[in-house]
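> have a look; sequence and predicted model below, questions after that.
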Amino acid sequence: MSGLVVIGASYAGIQAVLSARDAGYCETISVISDETWLPYQRPPLSKEFLLGRQNEAALTLRNSAFFTSRKIDLLLGIRATEIDRDAQRVLLSDRATLTFGKLLIATGSCARRLSAPGADLDGVCYLRSMDDAIELRSRLQEAAEIVIVGGGFIGLEVAASASQLGKRVTLIESGPRLLMRAVSPIVSEFLLAMHRKHGVDVRLGENLVSIEGRNGKVVSVNCGQTCRIGADLVVVGIGGLANSRIAEAAQLLCRDGIVVDDCAQTSDPRIYAAGDCTIHDNVFAEGWLRLESVQHAQDQGKAAGLAIAGRSSPYVSVPRFWSDQYASKLQIAGISAGFDAHAVRGSIEEGKFSLFYYKGGRLVAVDSLDRSGDQMAARKLLAGRLTPSPEQVADPSFDFRSLMGLASETNAS
Amino acid sequence: MHVKFVQPDGAAAALAMESGASVMITAVRNGIRGIDGECGGCLDCATCHVYVEESQYGNIPAPTADELELLGTITGLRRPNSRLSCQIKAPLAIDTLVVHIPESQA
């Protein structure tokens, strides 16, 4: 048995094959994708792409020259339907099979679906893939009243894009604040004010009860008995689910995602998994975590590729996220959940600030708004397990490099 | 226009740059070693650092304050001709731009 088969031409899948080849892996490599696009950049789908500033071609991440030069077979428009572990082969939607020595599952995640009455009406959209984004872009042009369900990353970015296109936008969030799972209340407040300033009608603590339609098309969203919001387009962003069904069917250990170790190996030593579809024991979160981010997909993909090439190097990166909304950039390093103290650097009033979060006296995360310098320092501090004091954080003249032992080096060069 | 990538060992590859594309995305798309560009060009990662051919440095649009701030945080050696290649976009008033990949990224 020989060769590597990868399910999914995702950030994780592509980074893995690149890292494997660069580490000297010389067996055959096949990448299967159920999409028909060459691998593409996903973050712009909710932003520049919806705004019409970047088209499909501009989002191409890897072209055919990449696959030729690295001797990788890319099979587009084909879905893996089953993993036969005993025979070490993958069954494909075109009835072909691929035999593998090593297998990588990089199937990503899918949008959690709304279950309310009316959820299947025409005009209820989700955003994950290029095809979703193409549909949403064209519907956005036609639409006048848009309701966004969910105040997470996708919901907020689509709200920003839609309002920049001059649409009337209402965003409903069932929780008490925006981006609740990712940021602290202070950042949530800042984002709320920013979206309201741009004319988005944000309604917190509002539960969607049903969607009403006429002739099969969306006309309004109902929240409770009295609140009815007119809508000709509903965009749902209520979280993602791991695409782990194929792994579950093959009886690989799964739990809200495919369970992997720090080298991206599953419960079967011949099978690896990386990216949104996995759950791993994360040292920064001090627990099991399923992450959806480009950084995670690439770094875990790299760990998988290196392990497959026989040069294991564990995945221990600081988790990172970013989001562009209007002209502001939110960057996150670390996991702030459960923090018990914080310090502010910069000015919240001016919209340029960072929040440093502490748990038990240790720095655990930093959120920054338009302070990318802080963010770069934060990653190094978190990776090195270094904790600046709240006074040092608040002091604009304090240079974090002095904590990293880099100051003297910089002066010397 | 074209961009030529020169590796620290002298190996070079020239590629056509599509209008609107950055030097970084051109490298990533084609699998040029040493340019990761993991943030996609939104000034979040500094993994696409290059040295622009010194004689051409003055002929391309100057870096913004944001780019300069991020250049201050790179792991490799910063030189006067250091740039983040995600911020250099076609078209430029140069036929073939030459960029050198830092030793630390190779």
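That came through, no problem.
> from now on I want contacts and neighbour counts done on CA atoms only, so please keep to that.
Noted.
> helices of the chain, start to end?
Since no chain was named, I'll use chain A. A:11-22, A:64-69, A:130-142, A:153-164, A:185-197, A:245-249, A:294-308, A:372-383, A:390-394, A:401-404, A:407-412 (DSSP state H).
> sorry, I should have been clearer: chain B.
B:23-30, B:65-71.
> deepest of those, which one?
helix B:23-30 (a mean of 24; mean count of other CA atoms under 10 Å in any protein chain shown).
> name the helices or strands packed onto that one?
helix A:64-69 (3 or more CA pairs under 8 Å, 6 or more residues apart in numbering or on different chains; DSSP states H and E).
> can you show me the CA trace of the helix it packs on as CSV?
In CSV, the C-alpha atoms belonging to helix A:64-69 read as follows (Å, rounded to 0.1, in the frame of the first residue of the first chain):
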residue,chain,number,x,y,z
SER,A,64,-2.7,24.2,-11.8
ALA,A,65,1.0,25.1,-11.9
PHE,A,66,1.2,24.5,-8.2
PHE,A,67,-0.2,21.0,-8.5
THR,A,68,2.0,20.1,-11.4
SER,A,69,5.1,21.3,-9.8
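> what sits against residue 59?
I'll assume chain A. A:40-42, A:44 (CA atoms under 8 Å, 6 or more residues apart in numbering or on different chains).
> let's do chain B instead
So residue B:59 contacts B:93-94 (CA under 8 Å, 6+ apart).
> can you do 10 Å?
B:92-94, B:97 (CA atoms under 10 Å, 6 or more residues apart in numbering or on different chains).
> how about residue A:297?
A:10-16, A:106, A:108, A:274-278, A:291, A:303 are the contacts of residue A:297 under CA under 10 Å, 6+ apart.
> same check on residue A:96?
Residue A:96 neighbours (CA under 10 Å, 6+ apart): A:78, A:80, A:90.
> how close does the first one sit to chain B?
Same thing as residue A:78. 22 Å (CA to the nearest CA, to the nearest Å).
> related to what we said a few turns ago, restricted to buried residues, select the contacts of residue B:59 in ChimeraX.
Buried members of the contacts of residue B:59, identified by 16 or more other CA atoms under 10 Å in any protein chain shown, are gathered into one ChimeraX selection as follows:
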select /B:92,97
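> most widely separated two among the contacts of residue B:59?
B:93 and B:97 (9.3 Å; CA to CA).
> what separation do you get for the residue sitting nearest the centre point of chain B and residue B:25?
Taking CA atoms, centre = their mean, the centroid of chain B lies closest to residue B:85, which sits 2.7 Å from it. Distance of residue B:85 to residue B:25, computed by CA to CA, to the nearest Å: 8 Å.
> same deal with residue B:80?
With CA to CA as the criterion, residue B:80 and residue B:25 are 23 Å apart.
> ok, now residue A:191?
The value you get for residue A:191 to residue B:25, if CA to CA is used, is 30 Å.
> swap in residue A:399?
For residue A:399 relative to residue B:25 (CA to CA), the value is 33 Å.
> how about the contacts made by residue B:81?
Residue B:81 neighbours (CA under 10 Å, 6+ apart): B:50-58, B:99-100.
> quick check: bridge partners of residue A:280?
residue A:289 (DSSP bridges).
> go ahead and confirm it touches residue A:264.
Yes. Counting by CA atoms under 10 Å, residue A:264 is a contact partner of residue A:280 at 8.3 Å.
> name the residues contacting each of these two.
A:258, A:274, A:300, A:315.
> may I ask which of those residues has the most neighbours?
Neighbour counts for those (other CA atoms under 10 Å in any protein chain shown) peak at residue A:274, which has 36 neighbours.
> does that one touch residue A:307 like I think?
No. Taking contacts as CA under 10 Å, residue A:274 lies outside contact range of residue A:307: 11.8 Å.
> name the residues contacting each of these two.
Contacts common to residue A:274 and residue A:307, judged by CA under 10 Å, 6+ apart, are A:16, A:263-265, A:301.
> tell me the buried residues within those.
The buried subset of the shared contacts of residue A:274 and residue A:307 - by 16+ other CA under 10 Å - is A:16, A:263-265, A:301.
> in CSV: those, plus distance to chain B and pLDDT.
As requested, these are arranged in CSV below (distance: CA to the nearest CA, whole Å; pLDDT from 0 to 100):
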residue, distance to chain B, pLDDT
A:16, 13, 98
A:263, 20, 98
A:264, 19, 98
A:265, 23, 98
A:301, 12, 97
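> using PDB, list the CA coordinates for the worst-scoring helix or strand of chain B on mean pLDDT.
Counting by mean pLDDT, DSSP states H and E, chain B has its least confident helix or strand at helix B:65-71, which shows a mean of 89. Coordinates of the C-alpha atoms in helix B:65-71 are reproduced here as PDB (Å, rounded to 0.1, in the frame of the first residue of the first chain):
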ATOM      1  CA  ALA B  65       2.300  53.100   8.000                       C
ATOM      2  CA  ASP B  66       0.500  49.800   8.800                       C
ATOM      3  CA  GLU B  67       3.000  47.800   6.600                       C
ATOM      4  CA  LEU B  68       6.000  49.600   8.200                       C
ATOM      5  CA  GLU B  69       4.600  48.700  11.700                       C
ATOM      6  CA  LEU B  70       4.300  45.100  10.800                       C
ATOM      7  CA  LEU B  71       7.800  45.100   9.200                       C
END
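> nearest to chain A: which residue in chain B?
residue B:29 (3.9 Å; CA to the nearest CA).
> for residue A:118, see how far away the spatially closest residue to that residue that is not a sequence neighbour is.
Excluding its sequence neighbours, the residue lying closest to residue B:29 (CA to CA, 6 or more residues apart in numbering or on different chains) is residue A:62, at 3.9 Å. Separation of residue A:62 from residue A:118 (CA to CA) stands at 39 Å.
> same question, residue A:3
For residue A:3 relative to residue A:118 (CA to CA), the value is 47 Å.
> give me the more crowded residue out of these two.
Neighbours were counted for residue A:3 and for residue A:118 using other CA under 10 Å; residue A:118 has more, 19 against 16.
> dump the contacts of residue A:96 to CSV, plus neighbour count.
CSV is the format used below for the contacts of residue A:96 (neighbours: other CA atoms under 10 Å in any protein chain shown):
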residue, neighbour count
A:78, 20
A:80, 22
A:90, 20
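> closest to residue A:185 among those residues?
residue A:80 (42.0 Å).
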